[in-house]
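S.K.: Output the structure for:
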Amino acid sequence: MIIEHAWLPVTPGREEQFAASIAAALPIIESAPGCHGAEVRRQIENPSTFLLLVRWTSVEAHMDFRSSPSFEAWRAQTHPFYESPATVTHFSDVLPR
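M.R.: Numbering: from 1, shown residues only. Predicted structure coming up:
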């Protein structure tokens, strides 16, 4: 299991619209094969910045989603609010203690 970490810089003044739109869009990403849930958090220090965390079976599952028609629906609902492109990275399993 990997975690997609997406830093979402929203245009100031559009935060509430974005929050409503991404809440409505989460079922799109969560229905993708290989997705095991997603959540969005808002930064305290800069309320125009949001963090999307998605649990995927693999990076390949995420990339398959990105090349699907569902991603275009996701993009249509979320990307118009970005001030600049999102920064997306992937993290491995939790390290052993």
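S.K.: where along this protein do the strands fall?
M.R.: Using DSSP state E, the strands of the chain run over residues 2-9, 35-42, 49-56, 87-91.
S.K.: And the helix of greatest length in the chain, what does it pack against?
M.R.: The helix that spans the most residues within the chain, counting by DSSP state H, is helix 15-30. Judged by 3 or more Cβ pairs under 8 Å, 6 or more residues apart in numbering; DSSP states H and E, helix 15-30 is in contact with strand 35-42, strand 49-56, helix 69-78. Where C-beta positions appear, they are placed from N, C-alpha and C, glycine not excepted.
S.K.: before we move on, back to that, let me have the strands of the chain in JSON lines, adding mean pLDDT as columns.
M.R.: Converted to JSON lines, the strands of the chain look like this (pLDDT from 0 to 100):
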{"stretch": "strand 2-9", "mean pLDDT": "98"}
{"stretch": "strand 35-42", "mean pLDDT": "98"}
{"stretch": "strand 49-56", "mean pLDDT": "98"}
{"stretch": "strand 87-91", "mean pLDDT": "97"}
